[in-house]
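Engineer: task: produce atomic coordinates for the following.
(one chain, ligands or ions: 1)
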Amino acid sequence: APTLVLFTQDLRVRDHPALTAAIERTRTVVPVFVLDPAVADRSARNRVAHLADALASLRAGLRERGGDLAVLRGDTAEEVSALARAVGADTVHTTAGVTALAARRVGRLRAAGLAVECFPGLTVVPPGEVAPAGGDHYKVFTPYWRAWEAHTWRDPLPAPDRVALPKGVRTGRLPGDDGRGRGALAGELPEGGERAARKRLADWTLHGLADYPDRHDYLAGDATSRLSADLRLGCLSPLETALAADGRPGGSEFVRQLAWRDFHHQVTAAFPAVNVRDYRPRGKEWRRDPDALAAWKEGRTGVPIVDAGMRQLLREGFVHNRARMITAAFLTRTLRVHWREGADHFFENLLDGDVANNYGNWQWVAGTGNDTRPNRSFNPLRQARRFDPDGVYVRRYLPELADLPGARAHTPWREEAPPEGYPPPIADPGH
Ligand code: FAD
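Structural biologist: Below is the predicted model:
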């Protein structure tokens, strides 16, 4: 009987332990991905287009090796159980996830009588593999980072030579095959999928990495890797990404960011409610303010550094890390609107939006998570002057401010004749 390989956030053929083990176990394998409304229905079109690219690339990678990818639509557990019955399989291989949804998926497949085996591949170091003495997970980054750095990584796996598919498997359409895919998108969307991602990684290690430590925090500089969406869908193996940078100039700062990613994943594995409940309840009080929330989402709060970040989100499905911190702090600390409102909006629109990183970082900024200084002050205007000193970033996303030169673009309300069509600040952005 063939082995089913259920793909989720691991859309690649290289360094894929679950796939490689399936090929070693049985002569034939059935790779499958399920477009599940429980996940897909909350996604903005940018995200769907990016997923479509990734699935097309995975299917191409499997076909080159004699296999294929079955793309099904519906409830994951039901679809996979039905496929297993149809092809006579009793074993499912999958990459171990960390979310409540992933745990439920595995539980339901097992309840349906399937043997489910979970493999590493989601992170550089699997959640739980480094743990504090006497505890299940690290709650603070710095001690985690020290243990993580000292830990030995597994060896990455090559892509399999051959993936044999049993006869008669119905493979199904990809999203976007109906012509409504990325063609209609106005956004500035990079091509997704394993092939494009590997090229991005190679270009980045060659041309970007060395300057990363000095330049990554500058908003207008675009000096970060932009590999987060490739990592979210697993088009890149996190381990191979870390190995590509490790030991090169700039590499250790970059690898440290990948450790942040691992950190949030091991927190989520231990606390799967991270997207709904305070990780460390601190009794914060929130305000309901639908108008302010709407202004924030649409990028018309009147605070340019906040609005530029929010419009970058809608246009590109991406936001610079510094702008994520500024916009999230403005919502949760200045407007005191609940972190979940902002995090859900990010999650739906970011190409890289994933439960562990998105909600973990939101809770960190909101002061309900694993920040050791939950009440740190965060002044948007000071951040703007420091990380966008010439106003280049805000003018890029706010055409209304095109005529305000230099740092004046950060404080339009101080102009004698404020630019038309741009609102006054809805809250005090500081001095
Ligand atoms: P680089 O600077 O090139 O970093 C390399 C990689 O390290 C990233 O691709 C990412 O995988 C990882 N990384 C970097 N910083 C972090 C971090 N703080 N936490 C976790 N991983 C990190 N990242 C996501 O991948 N998905 C999210 O949904 C997400 N939501 C965020 C929400 C908020 C409020 C904040 C403050 C940060 C969020 N981040 C999220 C983290 C970070 O902003 C992005 O990973 C980063 O901006 C992606 O750009 P890059 O790939 O160019 O990053």
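
Engineer: show me what contacts the closest residue to the ligand within the stretch 51-200 of the chain?
Structural biologist: Sorted by distance to the ligand under Cβ to the nearest ligand atom, the residues of the stretch 51-200 of the chain start with residue 141, at 9.2 Å. Any C-beta I mention is one placed from the backbone N, CA and C, and that applies to glycine too. Residue 141 is in contact with 259, 260, 263, 370, counting by Cβ atoms under 8 Å, 6 or more residues apart in numbering.

Engineer: need those residues in CSV (columns: distance to the ligand, pLDDT and secondary structure).
Structural biologist: Output for these, formatted as CSV (distance: Cβ to the nearest ligand atom, whole Å; pLDDT from 0 to 100; DSSP: H, G, I helix; E, B strand; the rest coil):
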residue, distance to the ligand, pLDDT, secondary structure
259, 8, 98, helix
260, 4, 98, helix
263, 7, 98, helix
370, 11, 86, coil
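
Engineer: could you dump those residues into JSON lines with distance to residue 248 and neighbour count added?
Structural biologist: JSON lines is the format used below for these (distance: Cβ to Cβ, whole Å; neighbours: other Cβ atoms under 10 Å):
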{"residue": "259", "distance to residue 248": "16", "neighbour count": "20"}
{"residue": "260", "distance to residue 248": "19", "neighbour count": "18"}
{"residue": "263", "distance to residue 248": "22", "neighbour count": "27"}
{"residue": "370", "distance to residue 248": "29", "neighbour count": "20"}
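
Engineer: grab the nearest non-local neighbour of the residue most central in space within the chain.
Structural biologist: By Cα atoms, centre = their mean, the chain has its centre lying nearest to residue 352, at 2.9 Å. Spatially, and ignoring its direct neighbours in sequence, residue 352 is nearest to residue 228 (3.6 Å; Cβ to Cβ, 6 or more residues apart in numbering).

Engineer: elements contacting the one helix or strand residue 46 maps to?
Structural biologist: Element membership for residue 46, per DSSP states H and E: helix 45-64. Under the contact criterion of 3 or more Cβ pairs under 8 Å, 6 or more residues apart in numbering; DSSP states H and E, helix 45-64 touches strand 29-35, helix 194-203, helix 339-349.

Engineer: now the next helix or strand after the second one: mean pLDDT?
Structural biologist: From helix 194-203 onward toward the C-terminus, using DSSP H and E, the following helix or strand is helix 212-215. Here the mean pLDDT over helix 212-215 is 97, rounded to a whole number.

Engineer: then helix 212-215 to CSV, C-alphas only?
Structural biologist: Provided in CSV are the C-alpha atoms of helix 212-215 (Å, rounded to 0.1, in the frame of the first residue of the first chain):
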residue,chain,number,x,y,z
TYR,A,212,22.2,43.1,7.1
PRO,A,213,23.6,43.9,10.5
ASP,A,214,24.0,47.6,9.7
ARG,A,215,21.1,48.2,7.5
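
Engineer: ok, residue 402 touching residue 396?
Structural biologist: No. Residue 402 lies out of contact with residue 396 (Cβ atoms under 8 Å); the separation is 9.8 Å.

Engineer: who has more neighbours, the two?
Structural biologist: residue 396 (17 against 11; other Cβ atoms under 10 Å).

Engineer: how far does stretch 63-81 stretch from start to finish?
Structural biologist: 24 Å (Cα to Cα, to the nearest Å).

Engineer: so how far is that stretch off the chain centroid?
Structural biologist: Computed by Cα atoms, centre = their mean, to the nearest Å, the chain-centroid distance of stretch 63-81 equals 23 Å.

Engineer: swap in stretch 68-86?
Structural biologist: 25 Å.

Engineer: which residues touch it?
Structural biologist: 4, 6-7, 30-38, 55, 58-59, 62, 89-90, 92, 105, 108-109, 112-114, 165, 169-175.

Engineer: for stretch 387-405, same thing?
Structural biologist: So stretch 387-405 is contacted by 217-220, 299, 304-305, 307-309, 311-312, 315, 320, 322-323, 384, 406-410, 412, 415, 419-422 (Cβ under 8 Å, 6+ apart).

Engineer: and the residues you listed, which of them are buried?
Structural biologist: 217-220, 299, 304-305, 307-309, 311-312, 315, 320, 322-323, 384, 409-410, 412, 419, 422 (16 or more other Cβ atoms under 10 Å).

Engineer: next step: those restricted to helices.
Structural biologist: Of these, the ones assigned to helices by DSSP state H are 304, 305, 307, 308, 309, 311, 312, 315, 322, 323, 384.

Engineer: thinking the fifth one is in contact with residue 319, fair?
Structural biologist: Just to be clear, that refers to residue 309. Yes. Counting by Cβ under 8 Å, residue 319 is a contact partner of residue 309 at 5.3 Å.

Engineer: so what sits against both of these two?
Structural biologist: The contact lists of residue 309 and residue 319 share residue 327, where a contact means Cβ under 8 Å, 6+ apart.

Engineer: residues of the chain that sit close to the ligand?
Structural biologist: Applying Cβ under 6 Å from any ligand atom, we find that the chain lies next to the ligand at 216, 224-228, 231-232, 254, 257-258, 260-261, 264, 321, 324-325, 328, 346, 350, 352-354, 357-358, 361-362, 365.

Engineer: show me the domain layout of the protein.
Structural biologist: Here the chain is described, according to automatic domain parsing, as comprising the domains 3-122, 123-155+195-270, 290-414.

Engineer: centre of the chain to the longest one, how far?
Structural biologist: It refers to domain 290-414. Centroid separation for domain 290-414 versus its chain: 17 Å, with Cα atoms, centre = their mean.

Engineer: how about the first one?
Structural biologist: With Cα atoms, centre = their mean as the basis, the distance from the averaged C-alpha position of domain 3-122 to the chain average is 18 Å.

Engineer: which strands and helices lie in contact with the helix or strand of the chain with the lowest mean pLDDT?
Structural biologist: The least trusted helix or strand in the chain, going by mean pLDDT, DSSP states H and E, turns out to be helix 37-40, with a mean of 82. Packing partners of helix 37-40 (3+ Cβ pairs under 8 Å, 6+ apart): none among the helices and strands.

Engineer: how close does residue 388 sit to the ligand?
Structural biologist: Per Cβ to the nearest ligand atom, to the nearest Å, residue 388 is found 15 Å from the ligand.

Engineer: quick check: phi and psi on that residue?
Structural biologist: phi -140, psi 60 (degrees, to the nearest 10).

Engineer: can you report how many residues neighbour it?
Structural biologist: By other Cβ under 10 Å, the residues close to residue 388 number 27.
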